[in-house]
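**Student:** got a predicted model here, sequence first, then my questions.
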Amino acid sequence: MAGSFTGKVALVTGASSGIGRASALAFAREGAKVAVADVSVEGGEETVSLVKKAGGDALFVKADVAKASEVEALVARVVQTYGRLDCAFNNAGIEGITNRAIVLGRAIDRDFAGIGGLVT
């Protein structure tokens with residue numbers, strides 16, 4: 001499956017370490033341009049550095065996925081930078097969330113509807 005994401009843009013939240021970082025590196029290995037998002041600037045920038053050292057293309061955006069406005073800005077930045085967003089791995093965890101998850105889901109639905117009519 002080498003290159004199965006060539007020409008695609010992938011967004012990975014919670015990508016400063018662990019599963020998120022490994023996923024960002026995997027998307028890059030498969031040819032995707034990767035948008036790395038996290039609240040940890042140091043870890044996120046390190047993930048971008050690892051992607052670039054391996055020959056990939058990556059962008060870091062500091063974003064707290066518990067805040068709808070930051071999610072909206074994140075998606076807008078990815079689309080502004082790469083002209084598209086093909087897939088997202090929503091890996092970031094939000095502790096103690098109840099009704100905020102609903103707000104986040106609505107923000108993502110609205111953003112995806114705006115970039116390609118993917119959500120109706």
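**Tutor:** Cool, got the structure. Numbers count the residues shown, from 1 in each chain.

**Student:** C-alpha only now, for contacts and for neighbours.
**Tutor:** Noted.

**Student:** quick one: residue 91 from residue 39, how far?
**Tutor:** Separation of residue 91 from residue 39 (C-alpha to C-alpha, to the nearest Å): 12 Å.

**Student:** sorry, that was for residue 75
**Tutor:** 15 Å.

**Student:** repeat that for residue 48.
**Tutor:** In terms of C-alpha to C-alpha, residue 48 sits 14 Å off from residue 39.

**Student:** what does residue 60 give?
**Tutor:** Applying C-alpha to C-alpha, the value for residue 60 to residue 39 is 10 Å.

**Student:** who has more neighbours out of the two?
**Tutor:** residue 60 (25 against 17; other C-alpha atoms under 10 Å).

**Student:** is it true that that one touches residue 49?
**Tutor:** No. Applying C-alpha atoms under 8 Å, one finds residue 60 not in contact with residue 49, separated by 9.6 Å.

**Student:** shared neighbours of those two, which are they?
**Tutor:** Common contact partners of residue 60 and residue 49 (C-alpha atoms under 8 Å, 6 or more residues apart in numbering): none.

**Student:** remind me which helix or strand residue 49 belongs to.
**Tutor:** helix 41-53 (DSSP states H and E).

**Student:** C-terminal to that helix, what's the next element?
**Tutor:** Next helix or strand after helix 41-53 toward the C-terminus (DSSP H and E): strand 58-62.

**Student:** just the angle for the helix or strand just after that following strand relative to strand 58-62, thanks.
**Tutor:** Per DSSP H and E, the first helix or strand lying C-terminal to strand 58-62 is helix 68-82. Here helix 68-82 runs at an angle of 160 degrees relative to strand 58-62 (axes from the mean of the first three to the mean of the last three C-alpha atoms, to 10 degrees).
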